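> With the sequence up front, the predicted model follows.
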Amino acid sequence: MVTYTLDNFRLPGYLYRVQYEGSWTTYTPSRDLQAAAQYTSWQGEEDFHGSMRSHYDWRSGVPSPFISTFWDAEHAARWGRCLAQARSAIVLTISTRELYQSNLVFRGYGPHELLFLRGVPARAIIAETSLVQFGLCVCSFYQKFSLRKLQRRRLVCTCMHTIAYSSDMMKPL
């Protein structure tokens, strides 16, 4: 068996996962976050990277053993807004202090992305935040605008959300 390790870096205090309707990663409050493929082994580094490439190619139809997370909550929310399922998307806050030592984490191909192998324990998921709570409009027509831009341009959001954005929203419960 080949073992892969991260180069020397510290996990941030919190990571952020965008969970949405139709995601292959399953999530139910009070249960672990679970990747679609729970039993995976690789014969070598090329095999491992092939599995990572399949994770990023949503059209591949190959269940992934990885769960994508981001270092930055705002980045995660903006990424979630680009999904067709943006209305159902939530950002999960993961406390890295609550992870088990057996949780395997890899650097993703994106600059601020980390991949968990197989799962994230329920005890580490400390908050759920809707995209609307980030001050992001999730109406299909206005998806490219934040509510602040909509207000500056005097456009009316079709979902009629009134939101007070606060940087405190992503602090632990």
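Received, thanks.
> domain ranges for this protein?
Domain ranges of the chain: 14-133, 135-166, per automatic domain parsing.
> Could you give the number of residues near Phe48?
16 (other C-beta atoms under 10 Å). The C-beta positions use only the backbone N, C-alpha and C, and glycine is treated the same way.
> Same check on Arg17?
For Arg17, the tally of surrounding residues (other C-beta under 10 Å) stands at 24.
> and the closest residue to Leu104 other than its chain neighbours, how far is that from Ser68?
Distances taken as C-beta to C-beta, 6 or more residues apart in numbering put Leu117 closest to Leu104, at 4.0 Å, once the chain neighbours are dropped. With the distance defined as C-beta to C-beta, to the nearest Å, Leu117 ends up 12 Å from Ser68.
> neighbour-wise, which of these two wins?
Ser68 (22 against 18).
> neighbours of Thr96, just the number please.
Around Thr96 there are 17 other residues, counting by other C-beta under 10 Å.
> For it, give its distance to Ala37.
From Thr96 to Ala37 the distance is 23 Å (C-beta to C-beta).
> Spit out the contact partners of His112.
Shown in contact with His112 (C-beta atoms under 8 Å, 6 or more residues apart in numbering): Phe70, Trp71, Asp72, His75.
> Looks like the second one contacts Leu11 (just checking).
Translated: Trp71. No - the criterion here is C-beta atoms under 8 Å, and Trp71 misses it with Leu11 at 9.1 Å.
> residues shared between the contacts of the two?
With C-beta under 8 Å, 6+ apart, Trp71 and Leu11 have common neighbours Leu114.
> thinking again about what came up before, can you flag the weakest of the domains of the chain by average pLDDT?
Mean pLDDT across these is lowest at domain 135-166; the value there is a mean of 48.
> and the lengthiest helix in the chain, which residues are buried?
Using DSSP state H to define each element, the chain has its longest helix at helix 45-56. Of all the residues in helix 45-56, those buried under the rule 16 or more other C-beta atoms under 10 Å are Phe48, Ser51, Met52, Ser54, His55.
> The last one - nearest residue in space that isn't next to it in sequence?
By that I understand His55. In space, His55 is closest to Ser64, 4.1 Å off (C-beta to C-beta, 6+ apart).
> cool, and the first one?
Taking C-beta to C-beta, 6+ apart, and ignoring the residues beside it in sequence, Phe48 has Trp42 as its nearest neighbour in space, at 4.3 Å.
> now stretch 118-133, how far from the chain's geometric center?
Stretch 118-133 sits 9 Å away from the centroid of its parent chain (C-alpha atoms, centre = their mean, to the nearest Å).
> which residues does Ser54 contact?
Contact analysis of Ser54 by C-beta under 8 Å, 6+ apart lists Ser60, Val62, Ser64.
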